[in-house]
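S.K.: Here's my sequence, what's the structure:
(one chain, ligands or ions: 3)
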Amino acid sequence: MKNIDSYTHTRGESVYLDDIPTLTGTLYGMVFGSPLAHGKIIHLDISEAMVSEGIVRILTYKDIPGKNQIGGIVPDEPLMAEDEVHYNGMPVAFVVATSVEAAAAAVKKIKIEIDPLPVITNPRVAKANGSLIVPPRTFKIGDINKAFAECKYVIEGTAETNGQEHLYIETQGAYALPAENGAIKVYSSTQGPTAVQRHMADVLGIPMHRIEVDVTRLGGGFGGKEDQATPWAIFCGLASFLLKKPVKYSLHRMEDMRMTGKRNPYTSDYKIGLDQHLNIIAYEVEFYQNAGASADLSPAVLERTLFHTTNSYFIPNVTATAYSCRTNLPPNTAFRGFGGPQGMFVIESAIAKAAEHLGISASVIQQKNLVKTGDEFPYGQIIESEAKVCWDKLHDLNDIKKLEIEIADFNKKNILYKKGISFMPICFGISFTKTPMNQARALVHIYTDGSINISTGAVEMGQGVNTKMIQVAASIFSISPDWIKLNSTNTYRIANTSPSAASATADLNGRAVQVACEALLERLKTIAAESLQCSVTDVEIKEEIIFINGQSADMSWKDLVMAGYLKRISLSEHGHYATPGLHFDMSKEKGHPFAYHVFGTALTSVTVDCLRGTYEVDAVQLVHDFGTSMNPMIDKGQIEGGLVQGIGWMTMEEIVFDEQGRLRSNALSTYKVPDIYSVPKNIDIHFLDTQNDNLAIFKSKAVGEPPLMYGIGTFFAIRNAIKAFNPDSNIEYAAPMTPEKVLLGLYNTKND
Ligand code: MTE
Ligand code: HPA
Ligand code: MOS
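M.R.: Residues are numbered from 1 along each chain as shown. Ligands and ions are numbered 1, 2, ... in the order given. From the prediction side, this is the model:
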């Protein structure tokens, strides 16, 4: 089935927040953010701004009727600063005016006097100062001390990954309308409608049942709208609530880049130990996560880093400790992979460094240590592994020996161009790591003409979840998808939603749709059995026709629905699904947090221009464990998009904050993302079609986040090409591998 949005997308008719027609009298808001990253507010002067043309009101924390608090995991984040600011761009006031231009002009006239405090941007410094968001956590298996004593090779090192700007095409925004009796309706570009509802209720001091959050679709989220869509929606809601007027705020790209958090940068120290057969028998690692100024989702991101510490490998002795460090940057947040990629980069760096030390290819160590079914991860879950199958299939598709010879040949013949390859196996756990979040609901209405309307808690952000929801219902009823319409995501129709995140949206909401549809199907079959005088088990619907014992009865889907209505049965159902079997004990850091794991392996080849430091990704070939894909076209799109986003993170996307905590890469002229010229020349995706019974929907494994991690392979392929040019290069294990870094790496040596 084609993505149901492709028709309106290509015609420019799809509705995003900014396409919602505004009502007469709509006001426009804009945030005044702190010009400094840390300090005490001495004085806020809004007098000049208040007489600016078109100004209606300027809100500060003093105008909040409820709590000035929006922290999700830790209550450490005010909606607006009170007497201190903790990052450059932190909201201090919200200006409301008759037009966007008037609001922008007024924001410029606000004056603030701040007594500066020391600015910390480095997580190691924050840790040394004891400035942690939550207490550190340690995942442990076996005994590393004993194991290290038995190792033949022990290698230590440091690895670093920078942040990443989400760069959803649609910036953050919201549009709030006052409703009767002090209720609010808000259109929000959010992955988490319930998060918006809950925090807005707290800020306004009203119950959640008065807040209707509605989401048609997002122009991308990538994790950036899991928690961080909330403040903008509350600003609009607050102004609308107080002024009894519709209020809209759609952020300018530069505001969005400056004020919102990004992927958490990490710096990490590791020690890896191998025995004489190259089995990794010990791994010790300390992760320093740059959380930014408040917790946001960082503690949960930190946890997933720990879960993915060993990536796709079995290591019997591991101690991994993670620190969430408070700095004066915008609060960092969820980003595709959610801490997993950060953890995986470190183990891949450790393996690459060990291989270099031993003078062998990293793939020898990788292959040797792939996790097998029955192995235990440091957090106690026993694995059902497809790691080796993916690895082997990729090797069946290629003559790796020949490829290696070809590359060595090329590198010998060419002085200024060098090629490099790498393998990147991935293993990603599916489920929210916080067990209670693994639940979802769906509401299915069948109308008397046979058409169906479905609501779920799933938010469409380009990943194609709405199409998959329709596929679930169409397949259960055996009717054409044309009969089925998916509704906007709305907190009045579906309550207590988990955010659309953790790659689990289709699994959770799809299962809820399945539960509701199967209940309706049973009810309708009973009606068919009654009117056709047969047993319920003899009834089947096939392509909108009712069959009895395989014989077509003179009854269509439409007839059956009408018969059900006349018999006064309910043609509506609310389905609930909670993933079974999940548990995790934080006091022991052991349990079974994931419904299943997704596996895959990518082979990346690159060419580096050794005069310029530039590079091209020649090809990425990968074998990916899709389970039984529900929609190969959509899933392939997820792989391509995720891969390229991962390559961007690893190569060109460079976030730069200066020592004062000011974002210098604050526009598309200073922050480079992959374009058509930087994508791999060839992306070759092979489906590993597994039929195992798992907890996904229709056996189709989740696909949203895992492919991002294939992009990590590009870093190591470029590194190998640099080493082919200059074996003594001192190039560090620090991403992104920008052309500047490549150039330095090509000509610097270890002794420099
Ligand atoms: N694909 C598109 N086009 N746009 C997005 O914003 N977000 C990614 C991934 N793929 C995203 C995307 C992230 S971070 C997640 S968690 C999943 O989609 C969420 O959707 P799913 O749970 O339906 O896979
Ligand atoms: N993944 C993504 N988003 C989340 C998670 C998770 O495990 N937990 C809370 N939000
Ligand atoms: Mo995705 S980072 O779980 O929104």
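
S.K.: My read is that H308 contacts G339, right?
M.R.: Yes. The pair H308 / G339 is scored as a contact, 7.3 Å apart, by C-beta atoms under 8 Å. Quick note: C-beta positions are derived from backbone N, CA and C, even for glycine.

S.K.: near ligand 1, which residues of the chain?
M.R.: 220-223, 336, 461-463, 465, 500-506, 638, 641, 702, 704-705 (C-beta under 6 Å from any ligand atom).

S.K.: Now which of the residues you listed would you call buried?
M.R.: Buried members of those, scored by 16 or more other C-beta atoms under 10 Å, are 220-223, 336, 461-463, 465, 500-506, 638, 641, 702, 704-705.

S.K.: Near ligand 2, list only the ones from these.
M.R.: Among these, proximity to ligand 2 is found for A501, A502 (C-beta under 6 Å from any ligand atom).

S.K.: hang on, A320 packs against F139?
M.R.: Yes. A320 lies in contact with F139 (C-beta under 8 Å); the separation is 4.8 Å.

S.K.: Now list whatever residues contact both of these two.
M.R.: Common contacts of A320 and F139 (C-beta atoms under 8 Å, 6 or more residues apart in numbering): L306, T309, P378.

S.K.: The first one is in what secondary structure piece?
M.R.: Put plainly, it is L306. helix 298-307 (DSSP states H and E).

S.K.: Return the set of buried residues in the next helix or strand after that helix.
M.R.: Next in sequence after helix 298-307, counting helices and strands by DSSP H and E, comes strand 318-326. Of all the residues in strand 318-326, those buried under the rule 16+ other C-beta under 10 Å are V318, T319, A320, T321, A322, Y323, S324, C325, R326.

S.K.: can you list contacts of the helix holding L306?
M.R.: Residues from elsewhere that reach helix 298-307 (C-beta under 8 Å, 6+ apart): 73-74, 133-134, 137, 139, 264, 266, 287, 289, 291-292, 320, 322, 324, 331-334, 338-340, 342-343, 377-379, 429, 433-434, 589, 593-594.

S.K.: which of those residues are close to ligand 2?
M.R.: A334, F338, T433, K434.

S.K.: Mind pulling the model confidence for the closest residue to the second one other than its chain neighbours?
M.R.: For F338, the nearest residue in space outside its immediate sequence neighbours is R304; the separation is 4.8 Å by C-beta to C-beta, 6 or more residues apart in numbering. You'll see R304 listed with a pLDDT of 98.

S.K.: Quick check: phi and psi on the residue of the stretch 651-752 of the chain at minimum distance from ligand 2?
M.R.: Among all residues of the stretch 651-752 of the chain, E705 sits closest to ligand 2, at 7.9 Å; criterion: C-beta to the nearest ligand atom. Main-chain dihedrals, E705, degrees, to the nearest 10: phi -90, psi -40.

S.K.: Kindly provide the distance from the residue nearest to it when sequence neighbours are not counted to T749.
M.R.: Nearest non-adjacent residue to E705, counting by C-beta to C-beta, 6+ apart: S503, 4.6 Å away. The gap separating S503 from T749 is 42 Å, by C-beta to C-beta, to the nearest Å.

S.K.: M562 too?
M.R.: Using C-beta to C-beta, M562 is found at 81 Å from T749.

S.K.: more crowded one of these two?
M.R.: When M562 is set against T749 and neighbours are counted by other C-beta atoms under 10 Å, the residue ahead is M562, at 16 against 11.

S.K.: Could you find the closest non-adjacent residue to the more buried one?
M.R.: Computed as C-beta to C-beta, 6+ apart, the closest residue to M562 that is not its neighbour in sequence is T448, at 5.8 Å.

S.K.: F716 too?
M.R.: Among residues not flanking F716 along the chain, S422 sits closest, at 3.8 Å (C-beta to C-beta, 6+ apart).

S.K.: Which strand residues bridge the one you found?
M.R.: Beta-bridge partners for S422, by DSSP bridges, are T604.

S.K.: export the shared contacts of A320 and F139 to TSV and tack on neighbour count?
M.R.: Formatted as TSV, those follow (neighbours: other C-beta atoms under 10 Å):
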residue	neighbour count
L306	24
T309	28
P378	23
